[in-house]
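Novice: structure for the following, please:
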Amino acid sequence: MAHRGIRFQRIKPAVEAVLANAGLTLCGLALIGPQVDDGAINLPFPISTGQWTDHSFQARFRADALLRPQVKRFREWLVNQATTTRDWLLQHAQSAERSHRRARTPPKHEATARRGRKPAA
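Specialist: Residues are numbered from 1 along each chain as shown. The predicted structure is shown next:
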């Protein structure tokens, strides 16, 4: 099978290519959250269409390794990153759901007009 296009070994140049309108990339949302928030990168599908899964990454540390300060700091950083990503996803999913409900609910004057009544003045 012929390999076409550019392949990146690291996410940073891939995201830079997307920002330069040179294509697309598949990556975890945690890696592009700030660019999504500021509108620099658009997602092909709303976050609300995603599925939560029970499949997740796990990091396991031996009890004796957690006695080392650098391992303990790394574990704390990793937990913090996971919490930040989860909160970001929840915020965007809830925001998308609220927008979806508002889009489905017509303003009151439209609803009364459709039922054959004149809208209230």
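
Novice: quick one: low-confidence ranges for the protein?
Specialist: 1-2, 96-97, 99-121 (pLDDT under 70).

Novice: rerun that using 50 as the cut-off
Specialist: Residues of the chain meeting the criterion pLDDT under 50: 111-115, 119, 121.

Novice: tell me the domain ranges of it?
Specialist: Following automatic domain parsing, the chain resolves into domains at 1-44, 54-121.

Novice: columns mean neighbour count on top of these, output as CSV?
Specialist: Every residue, glycine included, has its C-beta placed from N, CA and C. What follows is the domains of the chain, written out as CSV (neighbours: other Cβ atoms under 10 Å):
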stretch, mean neighbour count
domain 1-44, 11
domain 54-121, 11
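
Novice: got the contact list for the residue nearest the centre of the chain?
Specialist: In the chain, the centroid-proximal residue (Cα atoms, centre = their mean) is Leu29; its distance is 4.5 Å. Shown in contact with Leu29 (Cβ atoms under 8 Å, 6 or more residues apart in numbering): 36, 43, 47, 85, 88-89.

Novice: compute the number of surrounding residues for Trp52.
Specialist: The number of residues packed near Trp52 is 9, by other Cβ atoms under 10 Å.

Novice: does it sit in a helix or strand, and which one?
Specialist: Following DSSP states H and E, one finds Trp52 outside all helices and strands.

Novice: next up, phi/psi of it, please.
Specialist: phi -70, psi 150 (degrees, to the nearest 10).

Novice: quick one, helices of this structure?
Specialist: 11-19, 33-37, 69-104, 108-114 (DSSP state H).

Novice: what's the offset of the first one from the middle of its chain?
Specialist: Taking the mean C-alpha point of helix 11-19 and that of its whole chain, the gap between them comes to 17 Å (Cα atoms, centre = their mean, to the nearest Å).

Novice: which other residues reach it?
Specialist: 6, 8, 23-25, 27, 31-32, 35, 40-41.
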